[in-house]
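In: Generate a structure from the sequence data that follows.
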Amino acid sequence: MKLPLFPLPICLLPEGYTQLRVFEPRYKRLVAESLKSGEGFGLCMLEEDGKTIQPIGTLVHIIDFETLPDGLLGISIQGSKRFKVNEISIEDDGLKRGDVSFIDNWPATRIATDERYLSQMLQNILKEYPQHLKHYQAEQFEDIAWVCQRWLEILPVQASEKYNCINTLDHIMTRDLLRAVIKSSCE
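Out: This is a model prediction of the structure:
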């Protein structure tokens, strides 16, 4: 499948939610195409150099849009599926398109008692961002794979570290990273 790509220095994974400000003409075109086709677009995280696109991204769909007070286009997006970028082509205006293959999302896994603190800490953080929190259901916080994905989206670690976690078949590496980061911050 061919998808228009929006490379950014952020991470958004399946079932995640975020808002973007769109101002470049090529990305306004991407938004228009996405809304017209209903197929969405690919959000790809950039490596630390700010130029290199990581080869795994997320298919996202626009769930809302608005004109912001500063006149820019604001879009709200939600992730749906992970994909691997096989090849990238660049159009005349600089818009990148990727030939992508979809890959399995992490399997849902019931949260264990010793993992519950990860869910509770995430909920406490998201209470500060009610616009985001309202897009999530209480039962999602009972799925450790889902919880780990939300943490990856907000965790202040290098893109390469996030990519190592994203490029796995399940949540285990991310859970272990979270435990290490939280343990070191409590010491």
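In: and the lengthiest strand in the chain, which residues are buried?
Out: Longest strand in the chain, counting residues (DSSP state E): strand 73-90. Neighbour-count burial for strand 73-90, counted by 16 or more other Cβ atoms under 10 Å, picks out 73, 75-83, 85. The C-beta positions use only the backbone N, C-alpha and C, and glycine is treated the same way.
In: Just the closest of those residues to residue 109, please.
Out: residue 82 (16.2 Å; Cβ to Cβ).
In: gap between that closest one and residue 119?
Out: Residue 82 sits 22 Å away from residue 119, going by Cβ to Cβ, to the nearest Å.
In: so how many other residues sit close to the closest residue to residue 87 other than its chain neighbours?
Out: What sits nearest to residue 87 in space, not counting adjacent residues and going by Cβ to Cβ, 6 or more residues apart in numbering, is residue 99, at 4.4 Å. Neighbourhood size, residue 99 [other Cβ atoms under 10 Å]: 14.
In: ok so residue 99 is a helix residue?
Out: No: per DSSP: H, G, I helix; E, B strand; the rest coil, residue 99 lies outside any helix segment and is strand.
In: Show me where the protein dips below the pLDDT cut-off.
Out: 184-187 (pLDDT under 70).
In: mind running it again at 90?
Out: Counting by pLDDT under 90, the chain shows low-confidence ranges at 48, 50, 71, 129-134, 156-157, 180-187.
In: Which parts of it are helices?
Out: Secondary structure of the chain (DSSP state H): helices located at 25-37, 116-126, 130-133, 144-154, 159-166, 172-186.
In: quick one, what contacts the residue nearest to residue 146 when sequence neighbours are not counted?
Out: Nearest residue to residue 146, sequence neighbours excluded (Cβ to Cβ, 6+ apart): residue 140, at 5.0 Å. Applying Cβ atoms under 8 Å, 6 or more residues apart in numbering, we find residue 140 in contact with 15, 146-147.
In: again, 10 Å this time
Out: 15, 108, 119, 146-147, 149-150 (Cβ atoms under 10 Å, 6 or more residues apart in numbering).
In: before we move on, what about residue 37?
Out: residue 4.
In: quick revisit: wait, which of the buried residues of strand 73-90 is closest to residue 176?
Out: residue 82 (19.8 Å).
In: Run a quick check on the closest one versus residue 56, I expect a contact.
Out: Yes: using Cβ atoms under 10 Å, residue 82 is in contact with residue 56, at 6.2 Å.
In: okay, and the common contacts of those two?
Out: Contact criterion Cβ under 10 Å, 6+ apart; residues shared by residue 82 and residue 56: 13, 100, 103, 166-167.
In: Scan these and report the most crowded one.
Out: Result: residue 13 is most packed of these (other Cβ under 10 Å), 28 neighbours.
In: and that one, what are its phi and psi?
Out: With angles defined as degrees, to the nearest 10, residue 13 sits at phi -120, psi 170.
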